[in-house]
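Participant: What follows is a predicted protein model with its sequence.
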Amino acid sequence: MATKLQSATRRGARVRRQIKAVSNGRPRLSVFRSANNIYAQIIDDVAGHTLAAASTLDKDLRAGIKTGGDTAAAQAVGKLVAERAKQAGVTKVVFDRGTYIYHGRVKALAEAAREGGLDF
């Protein structure tokens, strides 16, 4: 029987494999969430570079949010990463939820990034 870590690793690999199959060279918007913070990166897998990133640890966001572990913080990170992506010239991405279900903070970040102008 697989442990939780093995299951999560397998699930993450499965999600990334599916994303790479449909990405058509678009960068991916990768999300990582911890208990206290949430992070988002736009990664160009072909070149192996991070094009834009945002998190609740950014000084721009720290003053405007109450805590880094709620949906309001995730929405702020989504808007900020969309803004930084536009500055980098990226408008179309593919969403990489990693091992997390599309619910709660992950969903709030994705919807805020869409409102900010990212297309996925």
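Facilitator: Good, I have the coordinates. Please read all numbers here as calculations on a predicted model, not as lab measurements. Residues are numbered from 1 along each chain as shown.

Participant: Now do stretch 18-35: distance to the chain's middle.
Facilitator: Stretch 18-35 has its C-alpha centroid displaced from the chain centroid by 8 Å (Cα atoms, centre = their mean, to the nearest Å).

Participant: From the rest of the structure, what touches stretch 11-25?
Facilitator: With contact meaning Cβ atoms under 8 Å, 6 or more residues apart in numbering, stretch 11-25 is reached by Arg28, Asp45, Val46, Val94, Phe95, Asp96, Arg97, Gly98, Thr99. For the C-beta atoms, the positions are set from N, CA and C on the backbone; glycine is no exception.

Participant: Tell me, how many residues neighbour Met1?
Facilitator: 4 (other Cβ atoms under 10 Å).

Participant: ok, now the one 10 residues further on?
Facilitator: Residues contacting Arg11 under the criterion other Cβ under 10 Å number 14.

Participant: State the helix or strand in which it lies.
Facilitator: Per DSSP states H and E: Arg11 is located in helix 4-22.

Participant: What of Gly117?
Facilitator: Judged by DSSP H and E, Gly117 forms part of no helix or strand.

Participant: Quick check, it in contact with Arg84.
Facilitator: No: using Cβ atoms under 8 Å, Gly117 is not in contact with Arg84, being 11.0 Å away.

Participant: which of those two has more neighbours?
Facilitator: Between Gly117 and Arg84, Arg84 has the larger neighbour count (other Cβ under 10 Å), namely 18 against 13.

Participant: doesn't Thr50 make contact with the more buried one?
Facilitator: No: taking contacts as Cβ under 8 Å, Arg84 lies outside contact range of Thr50: 10.6 Å.
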